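Undergrad: fold the following.
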Amino acid sequence: MMRIRPTLVAVTMLGTLIAGGCDSEDSSSEPAAAADSGGGKQDGVGDDGESAGISLRFDMPALYEVSGVSSDDVLNVRAQPTSSSDIVGELAPDATDVEVVAIDATGRWAMVNVNETAGWASLSFLEALDSAWEGNETPEHLNCLGTEPFWGLSVDGDTVRLSSPIGDDQLSIEEVLVPAGFASGTPMRTILASSEIQDGTVSITPGLCSDGASDMLYGLHVNVVLREEGINTSLGGCCSIAP
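TA: Purely as a prediction, here's the structure:
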């Protein structure tokens, strides 16, 4: 079987800082709320400096909602974490369940996906929803995918639904494990599941991940190992928790 290796955009959060490829001109953590000068759309950060990198966090990805944006306005999403960067998309003033996959080193900008592209929105106008990573549960809307070949996986209650070129299957979840020693809220999960024809282990770790087929960036890596009558198959890809 072919082993799929998604494009790694960042290492998992085991101690290595993810480099953003740009330097900050203003390293101050003091927020500076300001309207965007182009069309009045909201950015919320007044400096034009670029981020020094991405913050190492143990609670990403997470769901947010847009807050504090006028009903006749939108929240800009920019190519880089700076108010002078090109706009690549926008979020509605009442947008909710917005998946934030990373936060920049200044703590002012959140990486989100819009229009099949990853970009940056001001955290001044985003409010965190309840954590999707409490206890040893899996998020309500956990969806994973990989390419070459294309495959998909979703968790629906106590069932793992798998679609792949080998065939579709539904595996019953037997146990969800969280690594010992990690604080509550970490996205790390190992899902043990089985069906009548195979056993499966789904390992989820945080870290920026590209599917290799779009300009989107995900906040989770996944490795799926399937065991059927002595034949082991490994699938790699990315996951999202957005509805």
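Undergrad: where's the residue positioned nearest the centre of the chain, which helix or strand?
TA: With distances taken as Cα atoms, centre = their mean, G219 lies nearest the centre of the chain, 2.5 Å away. Taking DSSP states H and E as the criterion, G219 maps to strand 218-228.
Undergrad: the residue nearest to the centre of the chain contacts A110, doesn't it?
TA: No - using Cβ atoms under 8 Å, G219 makes no contact with A110, being 11.0 Å away. For every residue, glycine as well, the C-beta is placed using N, CA and C.
Undergrad: okay, and the common contacts of the two?
TA: Common neighbours of G219 and A110, using Cβ atoms under 8 Å, 6 or more residues apart in numbering, are V100, A102.
Undergrad: tell me how many other residues surround the nearest residue to Q198 once chain neighbours are set aside.
TA: Excluding its sequence neighbours, the residue lying closest to Q198 (Cβ to Cβ, 6 or more residues apart in numbering) is E228, at 4.0 Å. Neighbour count for E228, taken as other Cβ atoms under 10 Å: 14.
Undergrad: if E228 is in a bridge, with which residues?
TA: I231 (DSSP bridges).
Undergrad: so what's it up against?
TA: I197, Q198, D199 are the contacts of E228 under Cβ under 8 Å, 6+ apart.
Undergrad: from L177, how far off is it?
TA: As judged by Cβ to Cβ, to the nearest Å, E228 and L177 stand 22 Å apart.
Undergrad: now P243. Nearest residue, chain neighbours left out?
TA: H141 (4.6 Å).
Undergrad: quick check, pLDDT for the one you found.
TA: H141 carries a pLDDT value of 93.
Undergrad: can I get the contacts of E228 in JSON lines with pLDDT, neighbour count and secondary structure?
TA: JSON lines is the format used below for the contacts of E228 (pLDDT from 0 to 100; neighbours: other Cβ atoms under 10 Å; DSSP: H, G, I helix; E, B strand; the rest coil):
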{"residue": "I197", "pLDDT": "92", "neighbour count": "11", "secondary structure": "coil"}
{"residue": "Q198", "pLDDT": "94", "neighbour count": "19", "secondary structure": "coil"}
{"residue": "D199", "pLDDT": "96", "neighbour count": "15", "secondary structure": "strand"}
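Undergrad: pull the number of nearby residues for N76.
TA: When neighbours are counted by other Cβ under 10 Å, N76 comes out with 26.
Undergrad: who does it bridge with?
TA: E90.
Undergrad: I figured it hits S124, correct?
TA: No - taking Cβ under 8 Å as the definition, N76 is not a contact partner of S124, at 11.6 Å.
Undergrad: buried ones in stretch 108-122, by neighbour count?
TA: R108, W109, A110, M111, V112, N113, V114, A118, G119, W120, A121, S122 (16 or more other Cβ atoms under 10 Å).
Undergrad: quick one: terminal-to-terminal distance for stretch 153-165?
TA: 12 Å (Cα to Cα, to the nearest Å).
Undergrad: which stretch of helix or strand covers L208?
TA: Using DSSP H and E, L208 falls in strand 199-210.
Undergrad: oh, I was asking about G167
TA: Going by DSSP H and E, G167 is not part of any helix or strand.
Undergrad: same check, this time on the one 4 residues further on
TA: L171 belongs to strand 169-177 when assigned by DSSP H and E.
Undergrad: since that was my last question, I'll sign off now.
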